[in-house]
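> coordinates for the following, if possible.
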Amino acid sequence: MSPPSETRILVIDDEADVREMVRVLLTRAGYTVDTSGNLSEIVASLLVGRYDLLTVDLKMPEIDGQDIAELAKAVNQQIPIIVISGFLTPDLKKQLEDMGVRHFVNKPFKPDQLLQTVVDGLSGSPHTV
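As a prediction, the model looks like this:
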């Protein structure tokens, strides 16, 4: 596994304050972090950027997080995706798992929960908080 400073993470959320909080948290942990909050930024980032991990919010106005996960997996089947949401139902979680998503964090979350899930995602260990 690459050292954190060489690990690139894309944070996708429509709420600027959530994006910034996650960006600061992961940057302080040593990761290189980009953020996207609208449909055109998200698609461009997924198609052009090289990321080691994504965090994705589920409920966004322009595109659903499940659609983002599907697009990301189409571009790179191996990329770990962490779904961060307050709307995770067992059925939705099962649908995401069927697409290859293995990491989930329920909102609200504690910083150490997200950081541990990032470590688990990058190492390939399934982890749900």
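> run a quick neighbour tally on Pro61.
Pro61 is flanked by 8 other residues according to other C-beta atoms under 10 Å. Any C-beta I mention is one placed from the backbone N, CA and C, and that applies to glycine too.
> with Ile79 instead?
Quick note: Ile79 (other C-beta under 10 Å) scores 18 neighbours.
> now name the helix or strand holding it.
For Ile79, there is no enclosing helix or strand under DSSP states H and E.
> any stretches of this protein with poor pLDDT?
1-3, 5, 126-129 (pLDDT under 70).
> quick one: the helices in it?
16-28, 39-48, 65-75, 90-98, 111-123 (DSSP state H).
> and these as a markdown table, adding distance to Ile81 and mean neighbour count?
Shown next, in a markdown table, are the helices of the chain (distance: least, C-beta to C-beta, whole Å; neighbours: other C-beta atoms under 10 Å):
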| stretch | distance to Ile81 | mean neighbour count |
| --- | --- | --- |
| helix 16-28 | 14 | 16 |
| helix 39-48 | 11 | 15 |
| helix 65-75 | 5 | 18 |
| helix 90-98 | 8 | 13 |
| helix 111-123 | 8 | 17 |
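> centroid-nearest residue for this structure?
Centroid check for the chain by C-alpha atoms, centre = their mean gives Thr55 as the closest residue, at 1.1 Å.
> quick one: contacts for Tyr31?
Contact analysis of Tyr31 by C-beta atoms under 8 Å, 6 or more residues apart in numbering lists 4-5, 7-9, 118.
> from those residues, pick the one nearest Gly49.
Closest to Gly49 out of the contacts of Tyr31 is Arg8 (7.3 Å), distances taken as C-beta to C-beta.
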